[in-house]
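A.B. asks: structural data only, the sequence is not supplied:
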């Protein structure tokens, strides 16, 4: 009996975060990666602020070091912030979690950049668990000057 065709199995595997290699041969579910990405995006709060000369993307990243965060631009207009918060592997003898509420695992946020975003002038700074990505704006195009045509006298 192929359990992969039952949706509840897929939901349970996602909840238990069963590695994809474990069940890759038993079923082919292309939406699994999408669901994982959707969960990661939903759990990452962010603010987008427009300043006169730049856009600021402020993302909460408590407990994550700056070198564990990846900031990229995809498809020439999508800002992607991603990374992973890993569970501490140090467990002392006789010590166990009574409650674990902090989210562990991958996180990701995607932001559509406006047309006037300068992709060559992007900076990212992580301070006290808050990532701030600044994208400078392109200068506005100069207004076209009216073309003056000299009138000849006939």
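C.D. replies: Thanks, I have it. Everything numeric here is computed off the predicted structure, so don't read it as measured data.
A.B. asks: helices of the protein, start to end?
C.D. replies: Counting by DSSP state H, the chain has helices at residues 7-15, 20-23, 31-42.
A.B. asks: rank those helices by mean pLDDT and give me the bottom one.
C.D. replies: Mean pLDDT is lowest for helix 20-23 among the helices of the chain, at a mean of 51.
A.B. asks: show me where pLDDT drops low in this protein?
C.D. replies: Scanning the chain for pLDDT under 70 picks out 1-43, 88-92, 103.
A.B. asks: so where do the strands sit in it?
C.D. replies: Counting by DSSP state E, the chain has strands at residues 46-50, 54-60, 69-74, 78-85, 105-112, 117-127, 130-137.
A.B. asks: what sits up against the third one?
C.D. replies: The reference is to strand 69-74. Identification of contacts with strand 69-74 by C-beta atoms under 8 Å, 6 or more residues apart in numbering yields 61, 79-83, 110, 113, 119, 122, 124, 126, 131, 133. Quick note: C-beta positions are derived from backbone N, CA and C, even for glycine.
A.B. asks: are any of the residues you listed buried, and which?
C.D. replies: Buried subset of these (neighbour count, 16 or more other C-beta atoms under 10 Å): 61, 79, 81-83, 113, 122, 124, 126, 131, 133.
A.B. asks: which of these sits closest to residue 105?
C.D. replies: Lowest distance from residue 105 to the buried ones among the contacts of strand 69-74 (C-beta to C-beta) belongs to residue 83, with 10.2 Å.
A.B. asks: distance of the nearest residue to the closest one once chain neighbours are set aside relative to residue 107?
C.D. replies: Nearest residue to residue 83, sequence neighbours excluded (C-beta to C-beta, 6 or more residues apart in numbering): residue 69, at 4.5 Å. From residue 69 over to residue 107 the distance is 9 Å, taken as C-beta to C-beta, to the nearest Å.
A.B. asks: among those two, which residue is more densely surrounded?
C.D. replies: residue 107 (22 against 18; other C-beta atoms under 10 Å).
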